[in-house]
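K.L.:
Predicted coordinates and the sequence they were generated for:
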Amino acid sequence: MTKRFLDLTEKEILALAISLEEEHARMYSDYADALGKDFPASAEIFRGMQAEESEHRRLLLDEYKKKFGEHIPLVRREDVRGFIKPKPVWLMKNLRLEVIRRQAEVMELETRRFYERAAQLSPNPDVRKLLGDLAEAEGRHAERAESLEHEHVSTEVRHEEKAAERRLFVMQVVQPGLAGLMDGSVSTLAPLFAAAFATHNSWSAFVVGLAAAVGAGISMGFAEALSDDGMLTGRGRPLVRGTVCGLMTAAGGLGHTLPYLLPFIFPGFGFMWATGVAGAVVAVELFAISWIRAKYMDTPFLRAAFQIVVGGVLVFLAGILIGGS
């Protein structure tokens, strides 16, 4: 059961405001704790925001006790219609810095609107003034956050935080995705082209390639998800890593398998043309893998290309030799 905001009494509005400020202070504390290891400077920003929310709560408590006494009913955001319910920090693993900052901005905007509406509804001048002052304070929080950021986050620190965020992205997304793409693009070459040159039949080649791509995707996805739980390595949630790895593995295998459907879509597009397109797709895949390794893994492009191309060509030739024998 929830209650409309317009139906709240002044006592309930103040109790809700106290609850919101306490909740926000705790969330900012959680943000600071979550960021403390990788982004210590930004963590200080949220500690400063926590201190401000605690002060707002104190002012509200003083006003409430003056008007209604010591007992404060528990009125929460989920008891009132229209509030956005932020996801608890403890349910959000490996949060990105920008995600936390955006969620904090949404919280401040929502709270400011709440105080503005509450001030309009309050019949008591003192309460109305306090709520109006808090609305202005919430509006200044963005400026306060900016000043705290200038105070605690230097240009050098900001570069360090971006580098740390990039490292987390590489560990949690790029590495499993790249491992999957490499496996799917290279390991499926031999069975696909062996079937193609053994049968000279586009459908047979497609079925074998599809089975190899899907099987490799499932295998790699499970292997990545079970490799570690991310608690010590910081590599993120196993389910996310496994999903990324499995999908990229399947995509790598399907890329050079799908051309063997072309003869069934375009009449006159024969087996050799499909094989030529599949070979061109393989070249694009190997180039993409080399580029990703050069961009995210700090491997010189020519070295990455040489390593990937040599391995890919050997597997490709093995498939042709086995299929043609």
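P.N.:
Perfect, thanks for sending it.

K.L.:
switch to C-alpha atoms for all contacts and neighbour counts from now on
P.N.:
OK.

K.L.:
tell me which element Pro73 falls in.
P.N.:
Per DSSP states H and E, Pro73 falls between elements, in no helix or strand.

K.L.:
Which residues are in contact with it?
P.N.:
Taking C-alpha atoms under 8 Å, 6 or more residues apart in numbering, we find Pro73 in contact with 12, 15.

K.L.:
just Phe316 next, same as before
P.N.:
186, 189-190, 193.

K.L.:
From the chain's centroid, how far away is the one helix or strand it maps to?
P.N.:
For Phe316, the host element (DSSP H and E) is helix 301-324. Here helix 301-324 is found 34 Å from its chain centre; the criterion is C-alpha atoms, centre = their mean, to the nearest Å.

K.L.:
How about stretch 49-68?
P.N.:
Using C-alpha atoms, centre = their mean, the offset of stretch 49-68 from its chain centre is 35 Å.

K.L.:
What is the neighbour count of the residue nearest to Phe114 when sequence neighbours are not counted?
P.N.:
Spatial nearest neighbour of Phe114, excluding adjacent residues (C-alpha to C-alpha, 6 or more residues apart in numbering): Ala135 at 7.9 Å. Applying other C-alpha atoms under 10 Å, we find 23 residues neighbouring Ala135.

K.L.:
which ones are touching Ala135?
P.N.:
Contacts of Ala135 by C-alpha under 8 Å, 6+ apart are 111-116.

K.L.:
Kindly present those as a markdown table, with separate columns for pLDDT.
P.N.:
Putting the contacts of Ala135 into a markdown table (pLDDT from 0 to 100) gives the following:
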| residue | pLDDT |
| --- | --- |
| Thr111 | 83 |
| Arg112 | 84 |
| Arg113 | 84 |
| Phe114 | 86 |
| Tyr115 | 87 |
| Glu116 | 86 |
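
K.L.:
Out of these, which comes closest to Gln172?
P.N.:
Lowest distance from Gln172 to these (C-alpha to C-alpha) belongs to Thr111, with 33.6 Å.

K.L.:
pretty sure that closest one contacts Glu138?
P.N.:
Yes. Using C-alpha atoms under 8 Å, Thr111 is in contact with Glu138, at 7.0 Å.

K.L.:
Which SSE is immediately downstream of the worst-scoring helix or strand of the chain on mean pLDDT?
P.N.:
The weakest-scoring helix or strand in the chain, judged by mean pLDDT, DSSP states H and E, is helix 155-169 (a mean of 63). Heading C-terminal from helix 155-169, the first helix or strand you meet, by DSSP H and E, is helix 175-187.

K.L.:
Quick check: mean pLDDT of that next one?
P.N.:
Mean per-residue pLDDT for helix 175-187: 84.

K.L.:
And that helix, what's buried?
P.N.:
175-187 (16 or more other C-alpha atoms under 10 Å).

K.L.:
ditto for stretch 5-15
P.N.:
5, 10-15.

K.L.:
check contacts around Pro86.
P.N.:
The contact partners of Pro86, by C-alpha under 8 Å, 6+ apart, come to 103, 107.

K.L.:
Same question for Arg113.
P.N.:
Residues near Arg113 by C-alpha under 8 Å, 6+ apart: Ala135.

K.L.:
how far away is it from Val173?
P.N.:
Applying C-alpha to C-alpha, to the nearest Å, the value for Arg113 to Val173 is 37 Å.

K.L.:
Once you drop chain neighbours, what's closest to Leu239?
P.N.:
Leu239 sits nearest to Ala225 (C-alpha to C-alpha, 6+ apart), 5.8 Å away.

K.L.:
Near the one you found, how many other residues are there?
P.N.:
21.

K.L.:
From here on, call the first residue 154.
P.N.:
Understood, numbering begins at 154; the last thing we discussed is Ala378.

K.L.:
Quick check: it vs Val430, distance?
P.N.:
Here Ala378 is placed at a distance of 33 Å from Val430 (C-alpha to C-alpha).

K.L.:
Equivalent analysis for Ser372, please.
P.N.:
If you go by C-alpha to C-alpha, the gap between Ser372 and Val430 works out to 27 Å.

K.L.:
what's the answer for Ala332, then?
P.N.:
Applying C-alpha to C-alpha, the value for Ala332 to Val430 is 24 Å.

K.L.:
I'd like to know how far the nearest residue to Pro344 once chain neighbours are set aside sits from Leu345.
P.N.:
Leaving out its chain neighbours, the residue that sits closest to Pro344 by C-alpha to C-alpha, 6+ apart is Gly472, at 6.1 Å. Going from Gly472 to Leu345 by C-alpha to C-alpha gives 7 Å.

K.L.:
list the buried ones in stretch 265-284?
P.N.:
265, 267-272, 275, 280-281, 283-284.

K.L.:
Same list, those residues, but as a markdown table with distance to Ser443 and secondary structure please.
P.N.:
As requested, the buried residues of stretch 265-284 are exported to a markdown table (distance: C-alpha to C-alpha, whole Å; DSSP: H, G, I helix; E, B strand; the rest coil):
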| residue | distance to Ser443 | secondary structure |
| --- | --- | --- |
| Arg265 | 49 | helix |
| Phe267 | 52 | helix |
| Tyr268 | 54 | helix |
| Glu269 | 55 | helix |
| Arg270 | 56 | helix |
| Ala271 | 58 | helix |
| Ala272 | 60 | helix |
| Ser275 | 64 | coil |
| Val280 | 64 | helix |
| Arg281 | 63 | helix |
| Leu283 | 61 | helix |
| Leu284 | 58 | helix |
